[in-house]
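Colleague: Sequence and predicted structure, then a few things I'm wondering about:
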Amino acid sequence: MKNNKQQTIHPMNKLALPIAVLALLASILTFFLGQSKSELVYVDINQLVEGYERTKVERTAFEKKASTLKANVDSLMVSWQDELKNYEKERSSMTKKELELKQELLQNKQQQIGNYQQAIQKQIQEEDQKMTQTVINDINDYVKDYGKQNGFRIIFGAKGSGNIMYAEDASDLTETILDGLNAQYQGR
């Protein structure tokens, strides 16, 4: 005997294929939309440092301080040179003991000025590094916040030394970051 059972298609089975297709399309769309924010972008650190208004302010203050410190060394050197000239003039009228004493004093003073000059150079170098690090810290903090707020997974830093060999212009966030960085600095 033949089995005359008719197969009935359940209405849920008819919806399964369109729902699966819609789910697939939604996941593909989500993937590509998610990828648009994770594109590789970069900033030119040299341009940020040079264009950042705080760099100019800090550099001006640093140069003023360094100039004052160098002027102090220069005035000590001039004073020592004047003493040396006076010694040369008065040398013929001095006793042997006075000559030895004056030479020793001049040598000690020259050595002290040399030590002071080295200390000043070290201080200037440390001040320069401190000023530069302050600016770099500001830039790094701003770029980190910008990246988080705008959904970037990575923002590369190019230093003009070949780190990034090629990038599309659209991948360069330098001007955008610089504008925001300066606006934030002016708001302080």
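Modeller: Received it, and whenever you're ready, just let me know what you need. Numbering: from 1, shown residues only.
Colleague: now the longest helix seen in the chain: mean pLDDT?
Modeller: Using DSSP state H to define each element, the chain has its longest helix at helix 96-149. Model confidence over helix 96-149 averages 94 on the pLDDT scale.
Colleague: any idea how far residue 105 is from the most centrally placed residue in the chain?
Modeller: Centre of the chain computed as the mean C-alpha position; nearest residue by CA atoms, centre = their mean is residue 136, 2.7 Å away. The gap separating residue 136 from residue 105 is 46 Å, by CB to CB, to the nearest Å. All C-beta atoms are positioned from the backbone trio N, CA, C, and that covers glycine.
Colleague: cool, residue 68 as well?
Modeller: Computed with CB to CB, the distance linking residue 68 and residue 105 is 27 Å.
Colleague: More neighbours: these two, which one.
Modeller: When neighbours are counted by other CB atoms under 10 Å, residue 105 comes out ahead of the other of residue 68 and residue 105, with 12 against 9.
Colleague: re the thing from before, following the chain past the longest helix of the chain, name the next helix or strand.
Modeller: Using DSSP states H and E, the helix or strand that directly follows helix 96-149 along the chain is strand 155-158.
Colleague: What residues sit buried inside that next one?
Modeller: By 16 or more other CB atoms under 10 Å, the buried positions in strand 155-158 come out as 155, 157-158.
Colleague: What is it packed up against?
Modeller: Where contact means 3 or more CB pairs under 8 Å, 6 or more residues apart in numbering; DSSP states H and E, strand 155-158 is packed against strand 41-44, helix 96-149.
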